[in-house]
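Colleague: Using only what follows, build the 3D model:
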Amino acid sequence: MFRNLLLGITISILLAGPALAEEVNPVIGRVGDFVLREADLERLLSYQSPEALKKLQDDPAQRAEIVRQLLLTKAVAARSRKEGFDKKPEVKEELGYVIDNYLADQYLRKVVTADVAIPEEELKKYYAEHEKDFLISQSARVRHIYFEAAKDATPEVKEKAKAKAEAILKQLKEGADFAAVARASSEDADSASKGGDLGVLSPGKTNSKEFEKAAFALKAGETSPVVETPFGYHIIRVDERTDQRTASFDEAKDYIRTTLKGQFEQKKAREFLDKLAKEAGLEVVQQAPAATGDSKPQK
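Modeller: Okay, the predicted model is just below:
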């Protein structure tokens with residue numbers, strides 16, 4: 001992803017005019033006669049996907065590395081021009097292909113498919129036809145207090161771990177705070193530091209069918225008896241429960257719009273390319289396969 005991102009930005013620099021560079025913006029890098037300003041980088045990065053932009057905004061080091069690579073690219077390109085490398089026929093030909101490919105891609109994105117809009121009726125139709133795809137499985141926010149006793153542990157080890165769990169369960173039944181007891185007593189260090197919180201779990205997403213069965217048998221606010229799993233003994237509490245349901249149209253609308261927009265854009269691009277191919281007289285000349293040494297003359 002990083003390499004493709006950098007390639008796209010680099011080509012943008014090659015094709016960009018000087019207008020933005022003349023604006024009063026903070027200089028964020030320079031190499032030779034070339035000056036890179038903040039507005040230039042922001043404009044170039046705006047061509048990327050929202051996901052790529054988010055990663056760059058959250059990672060200043062990666063952003064700085066992109067600036068460095070852009071400046072190095074400029075330095076290498078300047079050196080190559082100075083030595084006449086850009087005048088080599090094979091280089092000019094390859095550069096032409098690269099620029100053509102970039103221009104074609106951007107034209108399809110920003111001209112041919114730029115005005116694609118999905119009517120509300122299409123969104124509702126898709127939702128009605130795919131409602132089963134928007135099923136949200138049940139989930140539960142779970143805490144546990146854990147005492148280790150591996151599956152192959154000795155009976156003595158298991159009995160000791162179970163006794164600890166039973167003693168803690170007694171405290172809970174007498175009104176002790178689950179989160180506080182988990183912090184003080186649970187042998188699962190990661191969750192203990194969070195009051196036993198394991199986050200939101202869904203069926204089929206745990207590594208123990210015994211744990212899962214016990215957890216999803218509880219209602220919100222309930223605490224389980226001691227539960228044995230291949231890992232040891234647990235006391236489980238469910239803080240919140242969400243039953244299985246189908247996402248509403250409003251919840252699914254953004255996903256549907258993104259899905260249909262992609263489909264509509266592909267369809268519009270295909271139609272444009274098919275029409276252009278006819279108008280431009282596009283023809284693929286099929287070459288007969290070369291004869292191999294083992295071929296026999298046709299009679």
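
Colleague: okay, CA-based contacts and neighbour counts for the rest of this
Modeller: Will do.

Colleague: Where does E93 sit: helix, strand or coil?
Modeller: The local conformation at E93, judged by DSSP: H, G, I helix; E, B strand; the rest coil, is helix.

Colleague: Could I get the full set of helices for the stretch 1-150 of the chain?
Modeller: Assigned by DSSP state H, counting those that start in this stretch, the stretch 1-150 of the chain shows helices spanning 2-15, 38-45, 50-58, 60-82, 89-107, 120-129.

Colleague: quick one, the longest helix seen in the chain and helix 120-129 angle?
Modeller: Looking across the chain with DSSP state H, the single longest helix is helix 249-279. Taking axes from the mean of the first three to the mean of the last three Cα atoms, to 10 degrees, one finds that helix 249-279 is oriented at 110 degrees with respect to helix 120-129.

Colleague: Check which helices and strands helix 249-279 sits against.
Modeller: Counting contacts by 3 or more Cα pairs under 8 Å, 6 or more residues apart in numbering; DSSP states H and E, helix 249-279 is packed against helix 120-129.

Colleague: in the longest helix of the chain, what counts as buried?
Modeller: 249, 252-253, 256-257, 260-261, 264-265, 268-269 (16 or more other Cα atoms under 10 Å).

Colleague: any idea of the mean pLDDT for it?
Modeller: Helix 249-279 shows a mean pLDDT of 96.

Colleague: what's the domain layout of the protein?
Modeller: Per the record, the chain has its domains at 2-88, 120-132+246-277, 138-243, by automatic domain parsing.

Colleague: so how far is the first residue of the last one from its last?
Modeller: As for domain 138-243, its first-to-last residue distance stands at 4 Å under the measure Cα to Cα, to the nearest Å.

Colleague: Quick one: the helices in the stretch 151-299 of the chain, in order.
Modeller: 155-173, 178-185, 189-192, 209-215, 249-279.

Colleague: nearest to K87, of those helices?
Modeller: helix 249-279 (31.4 Å; Cα to Cα).

Colleague: Please state the offset of that closest one from the chain centre?
Modeller: 21 Å (Cα atoms, centre = their mean, to the nearest Å).

Colleague: which intervals of the stretch 101-250 of the chain have sub-threshold pLDDT?
Modeller: Low-confidence segments of the stretch 101-250 of the chain (pLDDT under 70): none present.

Colleague: hmm, back to that, turn the domains of the chain into a markdown table, including distance to E283.
Modeller: What follows is the domains of the chain, written out as a markdown table (distance: least, Cα to Cα, whole Å):
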| stretch | distance to E283 |
| --- | --- |
| domain 2-88 | 29 |
| domain 120-132+246-277 | 8 |
| domain 138-243 | 53 |
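
Colleague: which of those domains sits most buried?
Modeller: Most buried of these, by mean neighbour count (mean count of other Cα atoms under 10 Å): domain 138-243, with a mean of 17.

Colleague: Run through the residues that contact T223.
Modeller: 235-238 (Cα atoms under 8 Å, 6 or more residues apart in numbering).

Colleague: re earlier: nearest approach to E93 belongs to which of the helices of the stretch 151-299 of the chain?
Modeller: Closest to E93 of the helices of the stretch 151-299 of the chain is helix 249-279 (Cα to Cα; 22.5 Å).

Colleague: Quick check, pLDDT for the residue most central in space within the chain.
Modeller: Among the residues of the chain, the one closest to the centroid is E51, at 6.9 Å (Cα atoms, centre = their mean). Predicted confidence (pLDDT) for E51: 75.

Colleague: Roughly how far does S193 sit from A180?
Modeller: Relative to A180, and taking Cα to Cα, S193 is found at 10 Å.

Colleague: between those two, what contacts are shared?
Modeller: With Cα under 8 Å, 6+ apart, S193 and A180 have no common neighbours.

Colleague: For the helices of the stretch 151-299 of the chain, give me JSON lines that also has distance to G96.
Modeller: Shown next, in JSON lines, are the helices of the stretch 151-299 of the chain (distance: least, Cα to Cα, whole Å):
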{"stretch": "helix 155-173", "distance to G96": "72"}
{"stretch": "helix 178-185", "distance to G96": "65"}
{"stretch": "helix 189-192", "distance to G96": "56"}
{"stretch": "helix 209-215", "distance to G96": "59"}
{"stretch": "helix 249-279", "distance to G96": "20"}
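
Colleague: of all those helices, which lies closest to P89?
Modeller: Nearest to P89, of all the helices of the stretch 151-299 of the chain, is helix 249-279, at 27.9 Å by Cα to Cα.
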